[in-house]
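[1] Need coordinates for the below:
(chains A, B, C and D)
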2 protein chains.
Amino acid sequence: MIKKQLIMEKSLELFAKQGFEATSVQQITEHCGISKGAFYLSFKSKDELITALIDHFMSQFISNIDYVVKNTINDDQLLFEFYYATFDSFQKQSDFARILVKEQMQSFNEDLILKFHSYDRLIEKIILEMIENLYGEDVKHTKYDLIYCIKGFMSMYSQLFLFYNVPIDSNLLSQSLVEKTNLLAKHTTIPFISEDLIDMIKQPIKDDVTKEQVLELIEQKLIELGDSIEKQSLILLKQQLLEPTLSPVLVKGLLENIRNHPHCKWIGFLLRRYFGF
Amino acid sequence: MIKKQLIMEKSLELFAKQGFEATSVQQITEHCGISKGAFYLSFKSKDELITALIDHFMSQFISNIDYVVKNTINDDQLLFEFYYATFDSFQKQSDFARILVKEQMQSFNEDLILKFHSYDRLIEKIILEMIENLYGEDVKHTKYDLIYCIKGFMSMYSQLFLFYNVPIDSNLLSQSLVEKTNLLAKHTTIPFISEDLIDMIKQPIKDDVTKEQVLELIEQKLIELGDSIEKQSLILLKQQLLEPTLSPVLVKGLLENIRNHPHCKWIGFLLRRYFGF
DNA sequence: TTGACAAATGACCAGTTAGTCATTAGTATA
DNA sequence: TATACTAATGACTAACTGGTCATTTGTCAA
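    Numbers count the residues shown, from 1 in each chain, chains lettered A, B, ... in the order given. Here you go, the predicted structure:
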């Protein structure tokens, strides 16, 4: 057990410097002063070690910020406490934070990407909860943009001290970001990330969409939609799906009709793929 | 020459999917349908290929946004044009953009990190120039924060379409970010990134390009280029470098001639700086 | 001191890597 | 056709990878 911890600590240093792939088990065992066999007594594989590291630190980080969001009574302080907790965690576990920034998008292993991804979702969920607590209905249309901006702040400013070894004043940094976040929350009027777009991201991107799935989605939208160009276009597109009669250029025009309607973007996306545009 | 291009194009696809390290020369040569030996006739090493790719695309991207910043007359449109050019570039060269996001912080090779770094600094410089043009003295204390926020927007929103295969409306996205940027520029009062902090981060970066370096580059391009408007323009620009005789407006016209040729963008950028446009 | 058992070792395996080079194929000139 | 030269090949090397396992070492109780 104690050896497991030793390996985790020592390997973290190497991973932070070189990345997962570029760090060999040999290097790790040398850095720990143990043999290769000993390593495999503690972990079944290199992947298992990596997974253990990610789970260990991510669960800690997420619990931290979740606690802050759920237990800060004073709304005026919530944002500040959130940012403070974030940068505090990042500084205390800077080796892991470095890995996080480096590997999040890059990992060779498909499972790891999924893992990072699902943790990322959790973080977004916590941020969303915070935003809704703070601003409520005011940010109904801009809340997803706000999530992305907050995440952008977190990652850009983290890089400052993670990769440049600059000493930072977490207090000032958090205050500064609180002001920026409030500004965006209170005055943004042009959202980019719609609920629809979020749906697109959420759904695992399967390459092939079946006709049936699209039809089902269209049916659903037809119920929601009032009479409009979009609705009429959707009806024609549905017929085209069932029995192709229109020429490609007409289909393309119909797709263009629904392109800018926020609730039809996903369907448009799927149809473009289905029709091969 | 033509083979070099083939290798660059095909390897880009693999690098974008798997990253630099996880892509072997073997895979690249198979993907190209050539032998291993043929690869090493075009590039001295795998590293040289990677370096060539980065230089090729980064110089194009930087030239693009620099041109926009320097040549958008209407201040009201500048920010929009900047964001639009950014996302346009990213979409048109999405394979490279994916690499950029993935490898920027991660590269195994020390030289690559420095390379990315110096390009990053160039981008920051262009953004700074834009901000100072737009807001002048108003953002004297917050301009460095603004740079980081803009970079944060660029990277977070890029990830949306780069990694989720989501179709995006560049127009709306740019508008949305223009509003956010303006909000931050006009109302931020608590800066975090001071000039001091920037100094700490700054590592020496060769800012100035000598006349000789540009001349050398031009000579090289002249050999590669077939007879064309671009080539004739380059010849005249070379003469202008050696012995200034043409009026600024003529020089500007020549620069315009080579602007959209993918192999001349970098030279265009350097020349614009050299002639002070 | 002996014997039993777990802990730890490192030589070894099969596979992959970047890079080389003797050999061959292709092509243009005489 | 013969010669000269370049372009291209792919078997090869040496180094390294994650992972295994027969062997050795250390630590107990009897």
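[2] Could you point out which residue ranges in the stretch 101-250 of chain A have low pLDDT?
    Along the stretch 101-250 of chain A, segments meeting pLDDT under 70 span A:103-109, A:203-209, A:224-227.
[3] Around chain B, which positions in it sit nearby?
    Residues of the stretch 101-250 of chain A lying near chain B by CB under 8 Å from any CB of the partner chain: A:101-103, A:105-106, A:108, A:145, A:148-149, A:151-153, A:155-157, A:159-160, A:163-164, A:166, A:172-173, A:175-177, A:179-180, A:183-184, A:187-193, A:197, A:200-201, A:205. Any C-beta I mention is one placed from the backbone N, CA and C, and that applies to glycine too.
[4] go again using 7 Å as the cut-off
    Proximity of the stretch 101-250 of chain A to chain B, by CB under 7 Å from any CB of the partner chain, involves residues A:101-102, A:105-106, A:108, A:145, A:148-149, A:151-153, A:155-157, A:163-164, A:166, A:172-173, A:175-176, A:179-180, A:183-184, A:187-192, A:197, A:200-201, A:205.
[5] Next, the closest residue to A:Ile50 other than its chain neighbours: phi, psi?
    Nearest non-adjacent residue to A:Ile50, counting by CB to CB, 6 or more residues apart in numbering or on different chains: A:Phe20, 5.7 Å away. With angles defined as degrees, to the nearest 10, A:Phe20 sits at phi -60, psi -50.
[6] any idea how far B:Ala22 is from A:Phe20?
    According to CB to CB, to the nearest Å, A:Phe20 stands 11 Å off from B:Ala22.
[7] Next: A:Gly136.
    Separation of A:Gly136 from B:Ala22 (CB to CB): 46 Å.
[8] Which one of the two is surrounded by more residues?
    B:Ala22 (14 against 10; other CB atoms under 10 Å in any protein chain shown).
[9] Quick check, central residue of chain A?
    Centroid-nearest residue in chain A: A:Asp120, 4.2 Å away (criterion: CA atoms, centre = their mean).
[10] close enough to count as contact, the residue nearest to A:Ile50 and A:Leu49?
    No. Using CB atoms under 7 Å, A:Phe20 is not in contact with A:Leu49; the gap is 9.5 Å.
[11] Name all residues that make contact with the residue nearest to the centre of chain A.
    Taking CB atoms under 7 Å, 6 or more residues apart in numbering or on different chains as the criterion, A:Asp120 is in contact with no other residue.
[12] what's the offset of the helix or strand where it lies from the middle of its chain?
    Taking DSSP states H and E as the criterion, A:Asp120 maps to helix A:110-135. Counting by CA atoms, centre = their mean, to the nearest Å, helix A:110-135 is centred 6 Å from the centre of its parent chain.
[13] is any part of it close to DNA strand D?
    No. Using CB under 7 Å from any atom of the strand, we find that helix A:110-135 stays clear of DNA strand D, coming within 12.7 Å at best.
[14] So what touches the following helix or strand past that helix?
    Proceeding N to C from helix A:110-135, the next assigned helix or strand is helix A:143-163, under DSSP H and E. Residues outside helix A:143-163 that contact it (CB under 7 Å, 6+ apart) are A:86, A:90, A:94, A:97-98, A:101, A:124, A:127-128, A:131-132, A:139, A:166, A:168, A:173, A:177, A:180-181, A:184-185, A:188, A:191-193, A:198, B:105, B:148, B:151-153, B:155-157, B:176, B:180.
[15] can we see that at 6 Å?
    For helix A:143-163, contacts defined as CB atoms under 6 Å, 6 or more residues apart in numbering or on different chains pick out A:86, A:90, A:97-98, A:124, A:127-128, A:131, A:139, A:166, A:168, A:177, A:184-185, A:191-193, A:198, B:148, B:151-153, B:156.
[16] So among these, which ones count as buried?
    Neighbour counting by 16 or more other CB atoms under 10 Å in any protein chain shown classes A:86, A:90, A:97-98, A:124, A:127-128, A:131, A:139, A:168, A:177, A:184-185, A:191-193, A:198, B:148, B:151-153, B:156 among the contacts of helix A:143-163 as buried.
[17] separation between A:Cys149 and DNA strand C?
    For A:Cys149, the distance to DNA strand C equals 38 Å [CB to the nearest atom of the strand, to the nearest Å].
[18] likewise A:Ile2?
    9 Å.
[19] ok, now A:Lys221?
    In this view, A:Lys221 and DNA strand C are 46 Å apart by CB to the nearest atom of the strand.
[20] and what of A:Ser233?
    Counting by CB to the nearest atom of the strand, the gap from A:Ser233 to DNA strand C is 48 Å.
[21] now the farthest one out in chain A, which residue is it?
    Computed with CA atoms, centre = their mean, the residue of chain A farthest from its C-alpha average is A:Thr245, at 41.1 Å.
[22] which SS state does that residue fall under?
    coil (DSSP: H, G, I helix; E, B strand; the rest coil).
[23] That one: what's its closest spatial neighbour, skipping adjacent residues?
    Of all residues not flanking A:Thr245 in the chain, A:Gln239 sits nearest, at 7.5 Å (CB to CB, 6+ apart).
[24] where's the one you found, which helix or strand?
    If you go by DSSP H and E, A:Gln239 is part of helix A:229-242.
[25] Remind me what the helix or strand following that helix packs against, helices and strands.
    Using DSSP H and E, the helix or strand that follows helix A:229-242 in sequence is helix A:248-259. Judged by 3 or more CB pairs under 6 Å, 6 or more residues apart in numbering or on different chains; DSSP states H and E, the packing partners of helix A:248-259 are helix A:229-242, helix A:265-275.
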